[in-house]
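Participant: below: sequence and its predicted model.
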Number of protein chains: 2
Amino acid sequence: MLDAMGGDYAPAEIVKGAVDAAKDETLTVILVGDQAKVGLELKKYPKKSNIETVHASEDIAMSEHPVEAVRQKKDASINVCMRLLKEGKVDAVVSAGNTGAVMAAALFGLGRIKGIERPAIASLFPAVKGHTALLDIGANADCRPNHLVQFAYMGKAYIEKVIGVENPRIGLLNIGEEDEKGSELTVASNKLLRLERANGLNFIGNIEGKDILENNADVVVCDGFVGNVVLKFAEGLIFSLSRLIKQGLSPLAWLGLLLMLGSLFKIKSKVDYKKYGGAPLLGVNGVVIITHGRAKSETIKNSITAAAKAVRQNLIDAIRQIKPLENPVG
Amino acid sequence: MLDAMGGDYAPAEIVKGAVDAAKDETLTVILVGDQAKVGLELKKYPKKSNIETVHASEDIAMSEHPVEAVRQKKDASINVCMRLLKEGKVDAVVSAGNTGAVMAAALFGLGRIKGIERPAIASLFPAVKGHTALLDIGANADCRPNHLVQFAYMGKAYIEKVIGVENPRIGLLNIGEEDEKGSELTVASNKLLRLERANGLNFIGNIEGKDILENNADVVVCDGFVGNVVLKFAEGLIFSLSRLIKQGLSPLAWLGLLLMLGSLFKIKSKVDYKKYGGAPLLGVNGVVIITHGRAKSETIKNSITAAAKAVRQNLIDAIRQIKPLENPVG
């Protein structure tokens, strides 16, 4: 179930996350990777019957060209993971590895779900209330309107099944609220999405950048270029703001900061992406969750828990049942 | 020089900003708008010889369709402003009005600078060190690669002349650092921008969302769709974070907050967009600065100061001299 070799802190943090997740006895965690290295890490913890290992002789570095590496290294841990999933020997794959490589391995190893032209990666943004799923965040730099419709339905399935929001509100990321505003892509997508209302999609219209963190929609669809820029801008902003705050603090303010710590921790737990595990790759034939390359054990554990929920809630079946209206605008 | 009728707080805050700006005796501020209303506001302040008024019988509301309103209301304050600029009776226009209307009035009234196919709006992001100009932030939802090249040169002229950074670093907003990564638009734009290095453009390559606030480039170019989403996301994030912080504070933390205030003010002055005035509309025949519809007097004053600097530094001449390589990739 788990790619033990992916990520900046592999395999130590991956194994620790697996051990923490395995405290839930209803789960079996299978660590895929270099058996010697993984075994060494596992020895640090009491032996558990619901943690298994599978050997993979190769791994793919963050710097490698994803598609080439996946093609050439047949025994890379991520390829072994996808084979196990394809053969039904595991129910889901979680990896902190090279995002492009995970995607390529999933596409080659599992294939797309029929009707989904472009699998997409979704990211869950913590909002003031609840969460907002943004997709695509980078799998597809150039999209067509029907891709965005498919993203909308996949996002709906994910939010319903894994987060438990009923009849989620779907928004289209755009640069104005009016239906006729936006780029060629968003104007055409808005038209298609409005038609899908007759098909049960709760499309609430255009959403602007400022709405994402206000949870003014439960699912926000956009092309992978825009989604990726927004995601990285948000990560950068949190980093830059914290540096600005450090620069601005006087000694007296440090005392103030100390007093505020209790509250800050509460906020942190809400903002911190670690709490929400990784980003699901939606549209392939199996549950695949990609976590940040810098993921530590807590993120890994949460990603495993999220993957288990997606499996138990039959997320993949829900995506298989997506039937947008056929070519509604000719 | 100033559209007195645009913005949510017009004309009161606009007039106050004008009065503050006019403390610089080398400037003459001309308030364009309903003379009765503007006169009433002006009476609140001591009479100054370098503040004048010009009557305009109409104004354009935020909710109106920009192009239609600009076409139909010939005597709208923003149209009168552009006429005065065209006739050389003022040197620059500052408006807090409907962004689309300001753009339309500028295009109809002033025209584009020869060689600039698409005027663009630039926004100055406060970074950890210095500032990063992002353009376009909404004038052009769909762009071609040569537009982005023109944005790069206009951003360079603006940063050099108004902010005073020599040989500014130009980055292309993208979803990966490698030259061959990105959307069709950014891959093609990267190629063109690399060729412009031979023409003196300091193109440093692709820049990601996280780099904007780190000032890893002085000018970041993107299409107006992505730029607008990022700008509104950033505005929303600051708003949402402040709400999260308020929700999370215990009484003890409030005491801490009090102690931190001194530092927070310092940060605020760095982050607050008010300090940096409005967003220049680059590529039209005249200095035009668009401020936020919610702009209050301080923003208005800073925008007037920035406009004066752009005039004195001959920003428009610098943009007229832009000569990208001719069709470098055929």
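Facilitator: In hand now; what should we look at?

Participant: quick one, domains of chain A?
Facilitator: A:2-116+A:274-318, A:128-136+A:144-248 (automatic domain parsing).

Participant: can you find the helix or strand in chain A with the smallest mean pLDDT?
Facilitator: helix A:251-271 (a mean of 51; mean pLDDT, DSSP states H and E).

Participant: who in the stretch 51-200 of chain A is up against chain B?
Facilitator: For the stretch 51-200 of chain A, the residues in contact with chain B (CB under 8 Å from any CB of the partner chain) are A:127-128, A:138, A:141-142, A:173, A:175, A:182-184, A:186. (Each C-beta comes from the backbone N, C-alpha and C, glycine too.)

Participant: tell me which of these fall in helices.
Facilitator: Assignment to helices by DSSP state H places the following of these there: A:184, A:186.

Participant: restricted to buried residues, select the residues of the stretch 51-200 of chain A next to chain B in ChimeraX.
Facilitator: Here is the ChimeraX command that selects the buried residues among these (16 or more other CB atoms under 10 Å in any protein chain shown):
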select /A:127,138,141,142,173,175,182,183,186
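
Participant: I'd like the residues of the stretch 51-200 of chain A next to chain B as TSV, with pLDDT appended.
Facilitator: TSV is the format used below for these (pLDDT from 0 to 100):
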residue	pLDDT
A:127	74
A:128	68
A:138	88
A:141	94
A:142	96
A:173	98
A:175	94
A:182	94
A:183	96
A:184	96
A:186	97
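
Participant: closest to residue A:313 out of the residues of the stretch 51-200 of chain A next to chain B?
Facilitator: residue A:127 (21.7 Å; CB to CB).

Participant: contacts only, for the closest residue to that closest one other than its chain neighbours.
Facilitator: Nearest residue to residue A:127 in three dimensions, chain neighbours excluded: residue A:215, at 3.4 Å (CB to CB, 6 or more residues apart in numbering or on different chains). By CB atoms under 8 Å, 6 or more residues apart in numbering or on different chains, the contact list for residue A:215 reads A:127-132.

Participant: make it 10 Å
Facilitator: A:125-132, A:165, A:169, B:240 (CB atoms under 10 Å, 6 or more residues apart in numbering or on different chains).

Participant: picking up where we left off before, which of the domains of chain A sits closest to residue B:29?
Facilitator: Nearest to residue B:29, of all those, is domain A:128-136+A:144-248, at 31.8 Å by CB to CB.

Participant: gap between the closest one and the chain center?
Facilitator: Counting by CA atoms, centre = their mean, to the nearest Å, domain A:128-136+A:144-248 is centred 14 Å from the centre of its parent chain.

Participant: same deal with stretch A:72-86?
Facilitator: 20 Å.

Participant: kindly report the same for stretch A:295-315.
Facilitator: 10 Å.

Participant: is that stretch in proximity to chain B?
Facilitator: No. Stretch A:295-315 does not reach chain B (CB under 10 Å from any CB of the partner chain); its nearest approach is 17.0 Å.

Participant: quick one: residues contacting the residue nearest the centre of chain A.
Facilitator: In chain A, the residue lying closest to the centroid (CA atoms, centre = their mean) is residue A:279, at 0.7 Å. Contacts for residue A:279 (CB under 10 Å, 6+ apart) come out as A:99, A:120-124, A:133-135, A:137-139, A:231, A:273, A:288-292, A:303, A:306.

Participant: pLDDT at residue A:239, what is it?
Facilitator: Model confidence at residue A:239, given as pLDDT, is 70.

Participant: what about the residues of the stretch 51-200 of chain A next to chain B, which are in strands?
Facilitator: Under the assignment DSSP state E, those contribute residue A:173 to strands.

Participant: which residues of chain A fall in strands?
Facilitator: Secondary structure of chain A by DSSP E: the strands cover A:2-3, A:29-33, A:51-55, A:92-95, A:120-126, A:131-135, A:170-173, A:203-207, A:219-221, A:279-282, A:287-290.

Participant: okay, the third one in CSV with CA atoms only?
Facilitator: In CSV, the C-alpha atoms belonging to strand A:51-55 read as follows (Å, rounded to 0.1, in the frame of the first residue of the first chain):
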residue,chain,number,x,y,z
ILE,A,51,2.9,-4.3,8.6
GLU,A,52,4.4,-6.2,5.7
THR,A,53,7.2,-5.4,3.3
VAL,A,54,7.7,-6.1,-0.4
HIS,A,55,11.1,-5.7,-2.1
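
Participant: which ones are touching the residue of the stretch 1-150 of chain A found nearest chain B?
Facilitator: Closest contact between the stretch 1-150 of chain A and chain B, by CB to the nearest CB, is at residue A:141 (4.0 Å). Contacts for residue A:141 (CB under 10 Å, 6+ apart) come out as A:223-228, B:174-176, B:181-187.

Participant: now, among the residues you listed, which is nearest to residue B:6?
Facilitator: Scanning those for proximity to residue B:6, where the rule is CB to CB, the winner is residue A:226, at 29.1 Å.
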